[in-house]
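S.K.: 3D model of this:
(3 chains)
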Amino acid sequence: MTEMSSPEVMTGKMKEFGITEQVRKNRIRITTAPDRVHYAIKTLQAMFGFDRLITISAVDNRTTLELIYHLTGPHRMVVSIAVELPRDLPAIATVSGFLLSAAIYERQIHDLFGIVFTGNPNMNRIMLNEDWPSDEYPLRKDWKPGPDTFYGGIKVKRS
Amino acid sequence: MAVPAAGLSQRLVNWARVRSPWITVFNSGACNACDIEIIACLMPRFDVERFGILAKGSPRHADILIVTGPVTLKQASRLQRVWEQMPEPKYVIAMGACGAAGGAFQGLYHVMSCVDCVIPVDVYVAGCPPRPDEIINAIVTCLNLLNEDAAHGGKEWRQKKVCPVTGTDAETGKVIP
Amino acid sequence: MPEVVVSIGPHHPALKEPVNFKVVVDGEKIVRLELDLSYNHRGIEKAAEQRDFIRVLPLMERVCGICSHSHSTAFAKGIEELMQIEIPQRAQYIRTIIAELERMHSHLLWLGVAAHVIGFNTLFMWTWRDREAVQDTVEEMSGNRVHYAMNEVGGVRRDLTAAQVTTALERLPNLEERIKKYVDMVNTEETMLIRFRGVGKISREEALRYGTVGPTARASGIDYDIRRDDPYLAYADVPWNVVTDTNGDVYGRTRVRIWEVQESLKIVRYCLENLPEGPIHVPAPKNAPKGEILSRYEAPRGELVHFIRTNGTDKVERVDIRTPTLANWTSVAMCLVNQNLADIPVIVAAIDPCLSCTSRITLLDIHTKKTGVMSLDELIRRNRSRDHGQV
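M.R.: Alright, predicted model coming up:
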């Protein structure tokens, strides 16, 4: 059962996950480590009543890549769990085992940022076309289209 | 070059084509606003079916291809294949700001921004999206072109040699600065 | 057995963008569905990082032509909140009027398309003709039938004159009559009941688990509407109700949408009659302070989320757009399993997809390993001509 607490009380209780702050009257932001994410989300689902995943956002911070999971529940609070991943080997375990709706967002983030979600069975291309080179991630800050690389489309004008 | 005078059967065929052009729509990655304006043409408010214009799903049955959207990289080869499947005489209308030079999406990384680089375009319609009235105007312009082409014996008399957007030469494929 | 029909053509213009499905079938029953959305990917999120706040709003509008005001408002209100500026009441009301008019035109559009998919072209023509009344109103107010460009960071760009308000109010009674007729039709018309009832049913627990949003979720009994859960614009002042249904199938979604049109009409009427006086925009600073915000908005299709991060300049650092159709795709994939092949068009159309129109469907029979290609047109014709035993 969820206890209808005020956001201040909830913020206090969530401090065990990591750095917690209440950024707006109904939004709480938690910063945590990659290996604590599963524990955090499962506890939030079970004890705090956050049963719905809104989305997973990914940001390129130039030195790291950041993943943010947004959850909400019937009490209309929103919690955002932020995780930082190293740039050269960004990998995190998938949450789609217990949050089914996460699968499609993880697939999209993998396509555009290159973050590897270990355990997700379907990592096929969803956003970029099939001819896109496999190691270029367009939404990273340091990506620029190479002048000679072929990204898909057609090269030759019609005859 | 002397163009042979069209025989009666040929004139009859041209007359039938002008009186009832069938269109097909290809969405090459658009935001959908243009597609909705095209469908609004077929609805009771603007009602182009009274002119004999039908929207067909297959390009093999169509006279006019309407292309919406800045051509995304994925759709470019499909667009070319669709155009090749159309029987002559065929005409292409490139809709809106996207069809002209990519519109709001010019230069984005997954977009080609130039319909003319993929298939030869006959009519451009301005707008974002163009109103249904303007779309009907474009189809009528196509029909006038059909008549003129029939009088000249083909399309060669007005073929563009250089793509107006990117400056690519039609024969060699090189960009002319 | 899937037929080998080579049909690479674009789909009938009655449906929107192209997307590719790979449907794994066992005879006539669907086993699995795979999705490929790259036909429409344009790279908007990356381009938004290089445009300042005035130039990025037209780009945001053109993410989608049907819900264009949704994207631009979600973005503008996110930036306004980061800049900590309050826009005047009149601007809130004008934004609400346009938002609800957009919802009405989108739902009427959807009703026509759903009717077309089952072969009921009369309703297709009727709803799109009535939709023109909404388009005329919006055109008078903003200058364009789609892509209204009413928003700027700090308020709205155009004011409503008294004459525009009067004309808009005069159009509403006729529209109300027509919509009452559609509500009756949805509930009693045999053609629609046979095709919609029992098709694509999702239970409440499943809908919650798959993360569905919008009318698809509300038709399964989930009470989730951002206009009430996280109020923005003028929704806290206007008396209106959240519409839910318990059917959970395509019939339930149709009912939810047509009732929502009625609610939207009431909201528009209230806002037009009670439009407060005052300025329509406040001057906004050029740069946004460093920060992060999750801007949620109830688009016609469901919950639209813009996650915006700014870095102190006049451009965003990152805007991450989660469209409602992306959230609803999982539910389509799951609820198509064990349904009939011919039900695909109806079920896909029922989530009101804003990026779905199969240009080509690849069918893979898992027993014989044969592949066939069928266009959605073929599938729709097949859908109509079959004797649908389900009621």
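S.K.: going by C-alpha atoms from here, please, whenever you check contacts or count neighbours.
M.R.: Noted.
S.K.: quick one, strands of the chain?
M.R.: Unless you meant another one, I'm taking chain A. Listed in chain order, the strands found in chain A under DSSP state E are A:19-24, A:27-32, A:52-60, A:64-72, A:78-86, A:91-93, A:116-118.
S.K.: chain B is the one I meant
M.R.: For chain B, the strands defined by DSSP E cover B:22-27, B:54-55, B:64-68, B:91-95, B:123-125.
S.K.: which of those strands sits closest to chain A?
M.R.: Among the strands of chain B, the nearest to chain A by C-alpha to the nearest C-alpha is strand B:91-95 (13.9 Å).
S.K.: contacts for the closest one?
M.R.: Outside of strand B:91-95, the residues within contact range by C-alpha atoms under 8 Å, 6 or more residues apart in numbering or on different chains are B:34, B:63-69, B:100, B:115, B:120-127, B:129-130, B:138-139, B:142.
S.K.: could I get the average pLDDT for that strand?
M.R.: Confidence for strand B:91-95, expressed as mean pLDDT, is 92.
S.K.: okay, residue 4: pLDDT?
M.R.: Going with chain A. Value listed for residue A:4 in the pLDDT field: 52.
S.K.: that's the wrong chain, I meant chain B
M.R.: According to the model, residue B:4 carries a pLDDT of 54.
S.K.: anything in the top helix by length along chain B near chain C?
M.R.: In chain B, assigned by DSSP state H, the helix with the most residues is helix B:132-152. No: Helix B:132-152 stays clear of chain C (C-alpha under 8 Å from any C-alpha of the partner chain), getting no nearer than 10.2 Å.
S.K.: how far out from the middle of the chain is that helix?
M.R.: Chain-centre distance of helix B:132-152: 10 Å, with C-alpha atoms, centre = their mean, to the nearest Å.
S.K.: buried stuff in it?
M.R.: Going by neighbour count (16 or more other C-alpha atoms under 10 Å in any protein chain shown), the buried part of helix B:132-152 is B:132, B:135-136, B:138-139, B:142-143, B:145-147, B:149-150, B:152.
S.K.: one more: stretch C:299-314?
M.R.: Across stretch C:299-314, burial judged by 16+ other C-alpha under 10 Å covers C:299-310, C:314.
S.K.: may I see the residues you listed organised as CSV, with distance to chain A, secondary structure and pLDDT added?
M.R.: As requested, the buried residues of stretch C:299-314 are exported to CSV (distance: C-alpha to the nearest C-alpha, whole Å; DSSP: H, G, I helix; E, B strand; the rest coil; pLDDT from 0 to 100):
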residue, distance to chain A, secondary structure, pLDDT
C:299, 14, strand, 91
C:300, 17, coil, 91
C:301, 15, coil, 88
C:302, 12, strand, 89
C:303, 9, strand, 90
C:304, 10, strand, 90
C:305, 8, strand, 91
C:306, 9, strand, 92
C:307, 7, strand, 93
C:308, 10, strand, 93
C:309, 9, strand, 92
C:310, 11, strand, 92
C:314, 17, coil, 88
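S.K.: can you lay out those as JSON lines showing distance to chain B?
M.R.: Below are the buried residues of stretch C:299-314 laid out as JSON lines (distance: C-alpha to the nearest C-alpha, whole Å):
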{"residue": "C:299", "distance to chain B": "16"}
{"residue": "C:300", "distance to chain B": "15"}
{"residue": "C:301", "distance to chain B": "15"}
{"residue": "C:302", "distance to chain B": "18"}
{"residue": "C:303", "distance to chain B": "19"}
{"residue": "C:304", "distance to chain B": "16"}
{"residue": "C:305", "distance to chain B": "18"}
{"residue": "C:306", "distance to chain B": "18"}
{"residue": "C:307", "distance to chain B": "21"}
{"residue": "C:308", "distance to chain B": "20"}
{"residue": "C:309", "distance to chain B": "21"}
{"residue": "C:310", "distance to chain B": "21"}
{"residue": "C:314", "distance to chain B": "19"}
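S.K.: what's the burial count for the residue in the stretch 151-300 of chain C positioned nearest to chain A?
M.R.: Going by C-alpha to the nearest C-alpha, chain A is nearest to residue C:210 of the stretch 151-300 of chain C, at 4.9 Å. A count of nearby residues for residue C:210, using other C-alpha atoms under 10 Å in any protein chain shown, gives 25.
S.K.: model confidence score at it, please.
M.R.: pLDDT, residue C:210: 86.
S.K.: quick one: contacts for it?
M.R.: Residue C:210 is in contact with A:99, A:100, A:101, C:328, C:330, C:331, counting by C-alpha under 8 Å, 6+ apart.
S.K.: nearest to chain B among those residues?
M.R.: Distances from chain B to these, taken by C-alpha to the nearest C-alpha, are shortest for residue C:328, at 18.9 Å.
S.K.: can you give me the strands for the stretch 151-300 of chain C?
M.R.: C:151-152, C:155-156, C:291-299 (DSSP state E, counting those that start in this stretch).
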